[in-house]
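Q: Any chance you can model this:
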Amino acid sequence: MRMSQLEAVVESLLFISGEAVKLKAIADTIEMDQATTKAIVESLAEQYEKEKRGIRIVEIDGAYQMCTAADCFSYIRNMYKTPQRQGLTQSLLETLAIIAYKQPITKGHIEEIRGVSADHAVNKLVEKKLVCEVGRMDAPGKPLLFGTTDDFLRYFGFTSLQELPPLEEEERQESTK
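A: Okay, here's the model as predicted:
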């Protein structure tokens with residue numbers, strides 16, 4: 001298959017999925033190795049960016065997804081007359097930060113760190129699909145463990161959790177070494 005045909009197939013796979021697709025799944029589908037497949041996806045992403053298209057291909061934790069370009073959002077919102085998404089309150093941001101840096105984590109541990117009940121904040125973050133249940137702790141009562149989602153990465157523009165800024169105490173430790 002020619003490169004333009006491979007790009008067309010990859011483009012259609014990403015378009016039809018509506019979700020992030022793992023690189024391995026794309027490679028298996030087009031019967032190419034992952035390095036070649038990654039080059040094809042990144043070539044498409046560069047073309048979209050260079051041509052200032054309304055669609056972008058973004059990497060999210062080793063997977064790729066088509067999404068609208070950020071500078072088109074206000075037009076899309078106007079067309080569909082949807083209200084602007086509500087921002088996150090200070091309480092939700094604090095809880096989300098704890099989950100992002102300490103995941104997987106239980107509500108009890110979040111409450112220990114914040115000093116207040118985490119029920120409302122965690123429930124709101126689950127409702128907004130920024131966090132989800134990721135399992136149960138092997139402890140008495142088997143408390144739920146929470147972690148961030150791909151929507152969290154999209155919301156903040158990260159491709160992976162490794163892009164989270166370092167905590168201040170981590171920065172201090174690095175500077176003293």
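Q: Tell me where the model's unsure across this protein.
A: Applying pLDDT under 70 to the chain flags residues 82-86, 169-177.
Q: Grab the most central residue of it for me.
A: Taking C-alpha atoms, centre = their mean as the criterion, residue 153 is the residue nearest the geometric centre of the chain, at 2.4 Å.
Q: helices or strands up against the one helix or strand that one maps to?
A: Under the criterion of DSSP states H and E, residue 153 resides in helix 150-156. In terms of contacts (3 or more C-beta pairs under 8 Å, 6 or more residues apart in numbering; DSSP states H and E), helix 150-156 is packed against strand 55-60. (Glycine included, C-beta is placed from N, CA and C.)
Q: Could you give me the buried positions within the strand it packs on?
A: For strand 55-60, a neighbour-count test (16 or more other C-beta atoms under 10 Å) marks 56, 57, 58, 59, 60 as buried.
Q: Make JSON lines from those and add distance to residue 108 to it.
A: Below are the buried residues of strand 55-60 laid out as JSON lines (distance: C-beta to C-beta, whole Å):
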{"residue": "56", "distance to residue 108": "39"}
{"residue": "57", "distance to residue 108": "40"}
{"residue": "58", "distance to residue 108": "35"}
{"residue": "59", "distance to residue 108": "34"}
{"residue": "60", "distance to residue 108": "30"}
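Q: just curious, which of those residues is nearest to residue 133?
A: Checking the buried residues of strand 55-60 against residue 133 by C-beta to C-beta gives residue 60 as the nearest, at 19.7 Å.
Q: contacts for the helix or strand where residue 109 lies?
A: Using DSSP H and E, residue 109 maps to helix 107-114. Around helix 107-114, the neighbours that count as contacts under C-beta atoms under 8 Å, 6 or more residues apart in numbering are 94-95, 98-99, 102, 117-119, 121-122, 143-144, 146.
Q: The residues you listed in helices, which ones?
A: Counted as lying in helices by DSSP state H, out of the contacts of helix 107-114, are 94, 95, 98, 99, 102, 119, 121, 122.
Q: Pull out the buried residues from those residues.
A: Looking at those with 16+ other C-beta under 10 Å, the buried ones turn out to be 94, 95, 98, 99, 121, 122.
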